[in-house]
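**Q** no FASTA, just this:
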């Protein structure tokens with residue numbers, strides 16, 4: 001089976017982990033050991049941000065950032081439903097109320113006009129997602145936020161390597177949250193980072209990361225144990241060096257696959273929009289006027305051929321049992337996309353020959 005994503009781990013990461021193990025310094029009480037500090041500095045440079053705060057998961061990054069901007073009980077946060085559940089989970093964990101807005105059918109990201117309609121007197125933040133590695137339309141979202149005096153936290157979990165108006169994720173946000181899960185464009189196994197240019201947000205995020213402490217055994221606010229280990233950080237330092245090459249390979253595979261699949265009249269293909277560079281975390285196609293049952297049969301046929309195609313996200317958050325009470329109305333574009341999209345493998349481990357096989361097999365099945 002050609003998996004939808006596969007960590008690209010080499011001898012460099014292995015030796016970095018061994019070095020940490022030999023050092024005996026596996027973690028730090030305040031979450032800022034030498035490897036974590038090194039990784040944070042490197043990641044801040046990569047992201048073009050003043051601060052990078054490393055944590056143990058992407059979900060922790062989202063929760064810490066949402067808490068750091070001051071979301072509390074009763075506050076509303078506007079976000080998409082067409083994403084992984086952690087985006088909404090972070091809002092609820094901070095005490096806020098997720099308000100789901102619909103997506104743009106071409107980008108699968110929050111539609112700015114839907115965001116504007118969702119704003120109320122209780123809105124305190126907007127939480128756009130860079131889905132599949134394609135940037136949300138951040139400039140108009142930032143304008144809406146400024147107009148209403150609310151914060152923006154960008155879910156950049158899938159964004160490593162993208163640019164929007166020649167800038168990195170977070171440039172139009174108060175904070176950006178990155179995942180380093182095993183499937184991402186770079187990984188620490190599990191892990192996450194919050195990037196920001198705001199001194200206060202950075203300080204509070206660090207406190208949330210380690211039990212609300214600035215100094216050990218002196219909690220000043222409610223916090224969590226979201227520390228990144230020295231082992232994770234060591235892997236991250238090496239992965240960050242390799243990320244540019246990973247993105248080049250993903251772009252090459254995406255271009256190659258698009259050349260093949262463009263021959264089909266039944267598929268809407270992923271592509272880059274003007275002013276943006278896609279990170280190609282997931283190569284997602286859409287079945288024109290397709291039904292869910294037809295899409296699912298295509299997936300079954302691809303799996304039979306050894307191609308690990310997947311659907312992200314088959315169950316929009318607002319339709320999940322726990323989150324139904326937060327949704328006052330349907331989201332037609334979200335619900336339609338969830339029935340028609342599927343993603344194909346283009347990670348750096350996929351060879352040119354495998355891309356040929358994937359593309360030709362999809363054409364045979366889809367027509």
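**A** Okay, I see it. Keep in mind that this is a model prediction, so the values were computed, not measured.
**Q** which residue is the nearest non-sequential neighbour of residue 262?
**A** residue 269 (6.6 Å; Cβ to Cβ, 6 or more residues apart in numbering). Backbone N, C-alpha and C define where each C-beta goes, glycine included.
**Q** distance of that neighbour from residue 227?
**A** 41 Å (Cβ to Cβ, to the nearest Å).
**Q** now do residue 220: how many residues are near it, please.
**A** 12 (other Cβ atoms under 10 Å).
**Q** ok, now which ones touch it?
**A** 207, 212-214 (Cβ atoms under 8 Å, 6 or more residues apart in numbering).
**Q** what about the residues you listed, which are in helices?
**A** Within these, residues falling in helices by DSSP state H are residue 207.
**Q** gap between stretch 357-367 and the chain center?
**A** The chain centroid and the centroid of stretch 357-367 are separated by 28 Å under Cα atoms, centre = their mean, to the nearest Å.
**Q** thinking again about what came up before, neighbour-wise, which one of the contacts of residue 220 leads?
**A** residue 207 (22 neighbours).
**Q** go through stretch 217-224 and flag the buried ones.
**A** 223-224 (16 or more other Cβ atoms under 10 Å).
**Q** quick one: end-to-end distance for it.
**A** 13 Å (Cα to Cα, to the nearest Å).
**Q** per-residue confidence averaged over it?
**A** Throughout stretch 217-224, pLDDT has a mean value of 95.
**Q** before we move on, the earlier item: would you check that the residue nearest to residue 262 makes contact with residue 261?
**A** Yes. Counting by Cβ atoms under 8 Å, residue 269 does reach residue 261; the two are 5.8 Å apart.
**Q** now do stretch 120-131: distance to the chain's middle.
**A** Counting by Cα atoms, centre = their mean, stretch 120-131 comes out at 16 Å from the chain centroid.
**Q** correction: the previous question concerned stretch 283-293.
**A** The answer for stretch 283-293 is 22 Å, by Cα atoms, centre = their mean.
**Q** and what of stretch 235-252?
**A** Distance, centroid of stretch 235-252 to centroid of chain: 16 Å (Cα atoms, centre = their mean).
**Q** so what's residue 293 up against?
**A** Residue 293 touches nothing, counting by Cβ under 8 Å, 6+ apart.
**Q** that older thread, of the contacts of residue 220, closest to residue 190?
**A** Among those, residue 207 lies closest to residue 190 (Cβ to Cβ), at 21.3 Å.
**Q** so for that closest one, what's the pLDDT?
**A** 98.
**Q** residue 223 is in contact with that one, correct?
**A** Yes. Residue 207 lies in contact with residue 223 (Cβ under 8 Å); the separation is 5.7 Å.
**Q** which neighbours do these two share?
**A** In contact with both residue 207 and residue 223: residue 213, using Cβ under 8 Å, 6+ apart.
**Q** same question for whichever strand or helix holds residue 364: list its buried residues.
**A** Under the criterion DSSP states H and E, the helix or strand holding residue 364 is helix 352-366. By neighbour count on 16+ other Cβ under 10 Å, the buried set for helix 352-366 is 354-355, 357-359, 361-362, 365-366.
**Q** residue 213 bridge partners, please.
**A** Counting by DSSP bridges, residue 213 is bridged to residue 219.
**Q** correct me if wrong: it contacts residue 223.
**A** Yes. Shown here, residue 213 and residue 223 form a contact pair, counting by Cβ under 8 Å, at 6.7 Å.
**Q** how about the strands in this structure?
**A** 51-55, 76-80, 97-101, 123-126, 151-155, 163-164, 175-179, 192-196, 267-268, 276-277, 283-287, 341-344 (DSSP state E).
**Q** let me see the mean pLDDT of the third one.
**A** Strand 97-101 shows a mean pLDDT of 98.
**Q** report the separation between residue 130 and residue 154.
**A** 7 Å.
**Q** what touches both of the two?
**A** Joint contacts of residue 130 and residue 154 (Cβ under 8 Å, 6+ apart) are 136, 169.
**Q** show me the domain layout of this structure.
**A** Following automatic domain parsing, the chain resolves into domains at 11-239, 243-366.
**Q** OK, contacts around the residue nearest to residue 191 when sequence neighbours are not counted?
**A** Distances taken as Cβ to Cβ, 6+ apart place residue 180 nearest to residue 191, at 3.4 Å, with adjacent residues excluded. When contacts are counted by Cβ under 8 Å, 6+ apart, residue 180 is found next to 58, 186-193, 232, 236, 239.
**Q** ok so, going back, what is the nearest of the buried residues of helix 352-366 to residue 279?
**A** residue 355 (17.7 Å).
**Q** quick check, pLDDT for the spatially closest residue to that closest one that is not a sequence neighbour.
**A** Distance criterion Cβ to Cβ, 6+ apart; nearest residue to residue 355, sequence neighbours excluded, is residue 256 at 4.8 Å. In this model, residue 256 is scored at 98, pLDDT.
**Q** residue 256 and residue 354 touch, don't they?
**A** No. If you go by Cβ under 8 Å, residue 256 and residue 354 don't touch, sitting 10.1 Å apart.
**Q** give me the low-pLDDT residue ranges for the stretch 251-367 of the chain?
**A** Applying pLDDT under 70 to the stretch 251-367 of the chain picks out no residues at all.
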